[in-house]
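Peer 1: structure for this input, please:
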Amino acid sequence: MKIVFLSQSGAIGGAERVLLDLMAELHQCYPHWAIDLIAPAAGPLVEDTRAIGVAAHVVEFPAALARLGDSAPASRAGHLLLQLGRLGASSPAVHRYANRLNGMLVARDPDLIHANGFKMHLLGARAAPPRSALVWHVHDFVGARPLMRRLLRAYAGRCDMAVANSRAVAADLRTALGPSPRVAVIYNGIDLERFVAGGDTVDLDAIAGLPAAPPDVVRVGLVATAAHWKGHRVFLRALALLPRALPVRGYVIGGAVYHTRQSQISLAALRQEVTRLGLAERVGFTGFLPDIAPALHALDIVVHPSIQPEPFGLVVAEAFACARAVITSGSGGVAEFVEPERNALVHRPGDAAGLARAIARLLDDPGLRGRLGEAARITAASRFGRQRMAEEFAALYRAMVNAGANDAAAARS
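Peer 2: Reported below is the predicted structural model:
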């Protein structure tokens with residue numbers, strides 16, 4: 001089988017980590033398959049893909065296309081008109097890019113194209129050769145994105161199958177796009193040999209430029225891309241509500257990954273918030289870390305305070321695998337595997353006081369931290385291995401390619 005993966009980023013965020021793990025497992029389990037990646041920019045994804053033995057190619061996005069995004073709040077006045085204006089300005093670039101991408105795909109003649117990210121869903125639909133099956137791997141809610149919802153609906157007839165990373169995303173996709181394309185659910189997988197209990201750690205204080213913490217300090221961290229909806233400000237307000245005598249230090253781990261500025265929150269703005277809240281000695285910023293497993297191992301508590309429903313919650317699954325105590329706002333896809341009070345604590349989205357109470361509770365009860373972490377590890381081991389993910393995708397690919405071959409044979413008879 002010949003498969004071409006399309007990524008809308010050369011950086012590595014959550015969707016790209018899943019894509020990389022999927023390619024690595026498929027390459028290991030099916031070494032006779034021909035697998036290629038096409039990315040819009042050089043960067044860590046391309047480097048890491050080549051490191052696992054998969055061919056990676058760069059077909060660079062023009063700047064106008066790289067900046068185009070639709071994840072700012074839809075209620076912002078004029079947001080849709082602004083995005084449509086940007087789309088119009090970039091349409092010649094989109095046309096040229098689709099033609100270049102089509103040339104790459106025709107040369108490789110894949111049985112199947114796996115498109116990762118909304119931009120590549122659209123570009124893949126425009127550029128896919130007629131005989132190649134097209135899969136959209138959907139990692140985000142589209143219903144709240146007015147521009148992408150309209151565009152994806154317009155191109156849905158060119159997609160053979162959409163794969164959602166949670167039931168929540170699948171339901172949103174069916175509502176937004178209607179009966180086409182067909183939708184399947186395949187949960188994300190993670191590398192359970194990297195995300196383990198008791199693995200190697202990093203010195204978060206040194207990375208963040210903080211003095212060494214006292215031996216009894218409890219480390220609490222938010223690990224996320226610098227997106228507005230990830231709840232960074234909720235986390236900081238919660239830390240500010242804790243009594244100053246408590247032995248706790250907070251860490252903001254991650255940074256801006258994508259080029260769509262309207263979807264990002266700047267670390268400079270968060271540093272100003274830390275100063276305003278009087279947290280300068282209690283909060284550190286690590287910026288983007290290429291490998292988050294050692295950072296998760298270094299934390300005692302992982303917070304996941306998203307203020308909007310989470311499509312899946314990859315960091316929660318990874319923290320579970322590391323046997324960390326997790327506090328989450330627990331909506332969207334996360335609700336499908338979080339069991340409150342058994343494998344995680346849950347607070348209401350946006351509720352800084354509720355998050356502060358949950359942190360204080362875990363600070364006071366190391367035994368509870370341990371019990372939650374152990375239950376979380378069991379959940380991850382049973383549900384989120386990347387081999388399971390790869391096997392489910394491989395079965396889907398075979399069914400789609402075989403169905404296409406049967407249709408072609410019927411057309412010839």
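Peer 1: the residue lying closest to residue 55 once chain neighbours are set aside: what's it in contact with?
Peer 2: In this structure, residue 55 finds its nearest non-sequential neighbour in residue 36, 4.8 Å apart by CB to CB, 6 or more residues apart in numbering. In short, each C-beta sits where N, CA and C put it, glycine included. Residues near residue 36 by CB atoms under 8 Å, 6 or more residues apart in numbering: 3-5, 54-57, 108, 110.
Peer 1: what helix or strand does residue 36 sit in?
Peer 2: Counting by DSSP states H and E, the element that carries residue 36 is strand 34-39.
Peer 1: could you chop the chain up by domain?
Peer 2: 2-189+385-412, 204-383 (automatic domain parsing).
Peer 1: out of those domains, nearest to residue 195?
Peer 2: domain 204-383 (3.7 Å; CB to CB).
Peer 1: for the closest one, give the mean pLDDT please.
Peer 2: Mean pLDDT, computed over domain 204-383, is 94.
Peer 1: try stretch 38-53
Peer 2: 96.
Peer 1: which residues are contacting that stretch?
Peer 2: Contacts of stretch 38-53 (CB under 8 Å, 6+ apart): 4-12, 16, 19-20, 23-24, 27, 37, 55-61, 65-66, 101, 104, 290.
Peer 1: stretch 166-174 now?
Peer 2: By CB under 8 Å, 6+ apart, stretch 166-174 touches 138-143, 162, 164, 183-185, 187, 309, 311-312, 332-333, 335-336.
Peer 1: now it: buried residues?
Peer 2: Within stretch 166-174, the residues that count as buried by 16 or more other CB atoms under 10 Å are 166, 168-170, 172-174.
Peer 1: what about residue 326, which SS state?
Peer 2: Following DSSP: H, G, I helix; E, B strand; the rest coil, we place residue 326 in the strand state.
Peer 1: how close does it sit to residue 318?
Peer 2: 10 Å (CB to CB, to the nearest Å).
Peer 1: out of the two, which sits in the busier spot?
Peer 2: residue 326 (29 against 25; other CB atoms under 10 Å).
Peer 1: show me what contacts the closest residue to the more buried one other than its chain neighbours?
Peer 2: Nearest residue to residue 326, sequence neighbours excluded (CB to CB, 6+ apart): residue 344, at 4.3 Å. For residue 344, the contact set (CB under 8 Å, 6+ apart) comprises 316, 320, 325-328, 330, 338, 372, 376.
Peer 1: put together JSON lines for the domains of the chain, with distance to residue 195 on each row.
Peer 2: Listed next are the domains of the chain as JSON lines, based on distance: least, CB to CB, whole Å:
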{"stretch": "domain 2-189+385-412", "distance to residue 195": "10"}
{"stretch": "domain 204-383", "distance to residue 195": "4"}
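Peer 1: just to revisit the earlier point, now, among the contacts of residue 344, which is nearest to residue 304?
Peer 2: Of these, the one sitting nearest to residue 304 (CB to CB) turns out to be residue 328, at 4.0 Å.
Peer 1: what is the burial count for the closest one?
Peer 2: For residue 328, using other CB under 10 Å, the count is 27.
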